[in-house]
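Asker: quick one, structure for this:
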Amino acid sequence: MTIRSIIEAIDKSQRDTLVSLTDFRGRGRGKGTEILSSRSRGLYWLWCKTPLDQLKQTDHKGGAHVPIKKLLHNRNGLDHICKIQDGEYRILYNGMGGYSKCKKGSAYGLRGRINQEVISNNTKTGTINIAGLKLDINDWKVSFFDFDDAENHQLLRELPETAKLDIGEIYKKYANELEMLWRMHYGTPILCRY
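Answerer: Model (predicted):
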């Protein structure tokens, strides 16, 4: 299997997980941790239907937050910006998140990283901060590729030199590379800084 076909399979898999951020963050049957467990590692994509001109009115007050206004101004109309859509929704951002111990007794994973995009006011954390900017959460969706989902293990084993690695080691070795390769193949989402 070529790297291109692996990237395309990851893209297909992530599109199959597309869900509203309201359901992703919700509680109850078919919501929240039933969609994605807390202890997971992988890649994620944020989709939005808010018009870009409306998002251009949004601006953070400094720190590591994503500078939405600046990025939309500087990048709109460029050739290699991701143009993937699902109905009214368009991919605006993607990233990665993995399980690791942040401090004694705490855990941080893909689910936590996605939630940071919604509610983190910490100016040291590079997030969109959807709620802090008073953006309508109903205009946002998320999709993801979970390295810990057993259905994805065979695909991940197609990557070079993974025969003796466990999934955690595959995540550490390949997540950043796969994120970058996806952007090279499909275009960089307009709100990704790097």
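Asker: contacts and neighbour counts: CA atoms only from here.
Answerer: Noted.
Asker: low-confidence ranges, the chain, go.
Answerer: Residues of the chain meeting the criterion pLDDT under 70: 61-62, 99-108, 121, 123-124.
Asker: could you find the residue nearest the spatial middle of it?
Answerer: The residue lying closest to the centre of the chain (Cα atoms, centre = their mean) is Y44, at 2.3 Å.
Asker: residue contacts, L110?
Answerer: 38-44, 96-99, 146 (Cα atoms under 8 Å, 6 or more residues apart in numbering).
Asker: likewise for N152?
Answerer: By Cα under 8 Å, 6+ apart, the contact list for N152 reads D146.
Asker: ok, now which ones touch the residue nearest to the centre of the chain?
Answerer: By Cα under 8 Å, 6+ apart, the neighbours of Y44 are 14, 94-97, 110, 114, 142-145.
Asker: so which of the residues you listed are in helices?
Answerer: 14, 110, 114 (DSSP state H).
Asker: can you redo the residues you listed as a markdown table with distance to A64?
Answerer: Listed next are those as a markdown table, based on distance: Cα to Cα, whole Å:
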| residue | distance to A64 |
| --- | --- |
| Q14 | 26 |
| L110 | 19 |
| I114 | 16 |
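Asker: the chain: strands as residue ranges?
Answerer: Assigned by DSSP state E, the strands in the chain fall at 19-20, 42-48, 85-86, 89-97, 140-146.
Asker: distance to Q54 added to those strands, as TSV?
Answerer: As requested, these are exported to TSV (distance: least, Cα to Cα, whole Å):
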stretch	distance to Q54
strand 19-20	20
strand 42-48	12
strand 85-86	18
strand 89-97	14
strand 140-146	14
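Asker: for E34, which of these is the nearest?
Answerer: Ranking those by proximity to E34 (Cα to Cα) places strand 19-20 first, at 11.9 Å.
Asker: count of neighbours near W182?
Answerer: If you count neighbours by other Cα atoms under 10 Å, W182 ends up with 19.
Asker: offset the numbering so it begins at 12, please.
Answerer: Understood, numbering begins at 12; the last thing we discussed is W193.
Asker: go ahead and confirm it touches I17.
Answerer: No: W193 is not in contact with I17 according to Cα atoms under 8 Å; the separation is 9.7 Å.
Asker: residues in contact with the residue lying closest to T28 once chain neighbours are set aside?
Answerer: Spatial nearest neighbour of T28, excluding adjacent residues (Cα to Cα, 6 or more residues apart in numbering): S154 at 5.1 Å. For S154, the contacting residues are 25-30, 55-58, by Cα under 8 Å, 6+ apart.
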